[in-house]
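> My questions are about this predicted structure, shown below with the sequence.
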Amino acid sequence: MGRSKKKSQERSKAKKTHDVPEKPQLPPADTQSSSRLMQLPGELRNQIYKHLFSSTRLTYGDRRTGRISSVKMKSALNSLAILRTCRQVHREAATLWPGLVLFNFEDVDALLDRLSPLPAETLSKIRYVRTRGHTLMLLPVGEEYNIYYRLAESLKLLPGLRLDTLTVLAPAHGTIAYDTLDGLINRGNGWKELHFITPNSEMLGFAKVEMFMMDPYWRKPQPSTWESALLKRDSIIGSTKATVTIYRSTQADASGSIINPHTRKLFTQPVPRNQDHPDFGVAADDALLAEKKELLVIAKRGQGADIAEQTEPPFGTNDIREWAYGMTWAEIRRQCIDLHHDDEDFPSSDEDELLLSDEDEESDEDDEDSSSMWKPKDNAQIDSYIHVDDVEWDFIE
């Protein structure tokens, strides 16, 4: 009886072994051997990554399409898709892209929303930023009236910026464009080179505008005045000379023509013999106002100049941090913008988040639903371009 039971157990065990065969030990799959990219030397792969990322523009914010209308702009679909192809590509390219792509912002709010939450280490890796030069309007707590801040003051909320190039698409109004650029030249930080582009030539041709209880809008001979100001800021022994150069398009009403070296020429305004000549800039320059020709101002800080923004008080009288020191941009926005508008008009900063850190990229690498982040929301427009520097002006009154 016992012998029969033992044989039965052996037959049962053999049957189970037969029904569920052991999984064969297969050699690991070589997923890279057939990849032409991975067959290239690492140095060549890096060159490919750099070319790809240098041709990539990541766009955020709302582009003005009318006096009170705008459209949300989105980056081209799968702009950073190469980072999701495999782990090896991710490891090789993840540290390269923040310093090569162009971060393009349609408004200052979007710029601050996107960049202010970043750790200082990540922010300092970004090298190329382009933004519209619109004024930032805030209603500080306890104030009765809105306060308008030019771009130089807004960027002081990002003291970690260490840009190679900051590009600004300026407002169409000559007085505002002039004041915005003047502030960047005299007080702006966080960039080595500034490219300031205007849709017309009004910035250097408007008539003097008197202001109530404020300094007038009064232009000076350029680029000599701006260059003198930059030289004064960067007067460091042993540093190379700071420079300011102005180009004017040779074509009227030709959007983006100023970017092409073949459709622009150097422009300078003669300096009166008497530097304090009281008549310069009082009357409008009709020749400059007659044709809508774009301007490009390139300001280069002196090599060795300290481009870092001051992080501790005291701050200037027009510095947002003078009254908001210790507050994050999210807190400033919540109290000074969102509190006075519908939430629909001002989406949260984490909406449609694009990956800006190695840790974020790694965590989403294998997420099956991560592709949904690349889909535009309703009523959004994809930012299409041929070259990252292509210019499309927003609504011009």
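On my side now, so go ahead.
> Helix or strand next in line after the worst-scoring helix or strand of the chain on mean pLDDT, which one?
The helix or strand of the chain with the lowest confidence, counting by mean pLDDT, DSSP states H and E, is helix 358-364 at a mean of 38. Next helix or strand after helix 358-364 toward the C-terminus (DSSP states H and E): strand 380-382.
> can you pull out the helices in the stretch 151-300 of the chain?
Counting by DSSP state H, counting those that start in this stretch, the stretch 151-300 of the chain has helices at residues 151-155, 174-187, 224-233, 286-290.
> now the last one: mean pLDDT?
Same thing as helix 286-290. Averaging pLDDT along helix 286-290 gives 94.
> Go through stretch 162-174 and flag the buried ones.
When neighbours are counted by 16 or more other C-beta atoms under 10 Å, the buried residues of stretch 162-174 are found to be Arg162, Leu163, Thr165, Leu166, Thr167, Val168, Leu169, Ala170, Pro171, Ala172, His173, Gly174. Every C-beta, even on glycine, is put in place using the N, C-alpha and C of the backbone.
> Was I right to think the third one contacts Phe196?
Meaning Thr165. No - assessed by C-beta atoms under 8 Å, Thr165 is found out of contact with Phe196, at 11.2 Å.
> pLDDT below threshold where in this structure?
Within the chain, the stretches falling below the threshold (pLDDT under 70) are 1-33, 236-239, 274-277, 340-378, 397.
> which residues does Ser55 contact?
Going by C-beta atoms under 8 Å, 6 or more residues apart in numbering, Ser55 touches His387, Val388.
> Repeat the analysis, applying 7 Å as the threshold.
Applying C-beta atoms under 7 Å, 6 or more residues apart in numbering, we find Ser55 in contact with Val388.
> From Thr131, how far out is it?
Computed with C-beta to C-beta, to the nearest Å, the distance linking Ser55 and Thr131 is 20 Å.
> and if you look at Met213?
Remark: distance between Met213 and Thr131 (C-beta to C-beta) = 30 Å.
> neighbour-wise, which of the two wins?
Summary of the neighbour comparison: Met213 and Thr131, criterion other C-beta atoms under 10 Å, with Thr131 having more neighbours (23 against 4).
> Report whether that one is found in a helix, as I expect.
No - counting by DSSP: H, G, I helix; E, B strand; the rest coil, Thr131 falls outside a helix, being strand.
> Excluding chain neighbours, what is closest to it?
By the measure of C-beta to C-beta, 6 or more residues apart in numbering, the closest residue to Thr131 outside its immediate chain neighbours is Phe105, 4.2 Å from it.
> Surely that neighbour is in contact with Tyr128?
No - using C-beta atoms under 7 Å, Phe105 is not in contact with Tyr128; the gap is 11.8 Å.
> and Leu158, what does it touch?
Counting by C-beta under 7 Å, 6+ apart, Leu158 touches Leu115, Ser116, Leu123, Gly190.
> which ones among those residues are found in strands?
Within the contacts of Leu158, membership in strands is found for no residue, as judged by DSSP state E.
> Would you list the phi and psi of Asp285?
With angles defined as degrees, to the nearest 10, Asp285 shows backbone torsions of phi -90, psi 100.
> what sits against it?
Asp285 makes contacts with Gly205, as judged by C-beta under 7 Å, 6+ apart.
> mind checking how far it is from Trp393?
According to C-beta to C-beta, Asp285 and Trp393 sit 22 Å apart.
> And for Arg187?
Taking C-beta to C-beta as the criterion, Arg187 is separated from Trp393 by 26 Å.
> Tyr149 now?
Counting by C-beta to C-beta, the gap from Tyr149 to Trp393 is 22 Å.
> Kindly report the same for Asp113.
In this structure, Asp113 and Trp393 are separated by 22 Å, where distance is defined by C-beta to C-beta.
> Counting neighbours, go ahead and name the busier of those two.
Shown here are Asp113 and Trp393; by other C-beta under 10 Å, Asp113 has more neighbours (22 against 18).
> Which helix or strand contains that one?
Taking DSSP H and E as the criterion, Asp113 maps to helix 108-115.
> who does that helix touch, helix- and strand-wise?
Helix 108-115 makes packing contacts with helix 151-155 when contacts are defined by 3 or more C-beta pairs under 7 Å, 6 or more residues apart in numbering; DSSP states H and E.
> Which elements pack onto the helix it packs on?
Counting contacts by 3+ C-beta pairs under 7 Å, 6+ apart, helix 151-155 packs against helix 108-115, helix 174-187.
> For it, which residues meet the burial criterion?
Leu151, Ala152, Glu153, Ser154, Leu155.
> what does that helix rub up against?
Under the criterion C-beta under 7 Å, 6+ apart, residues 108, 112, 133, 136, 161, 168, 180, 183-184, 187-188, 190, 318-320 lie in contact with helix 151-155.
> which one of the residues you listed has the most neighbours?
Greatest neighbour count in the contacts of helix 151-155, by other C-beta under 10 Å, goes to Gly188: 26 neighbours.
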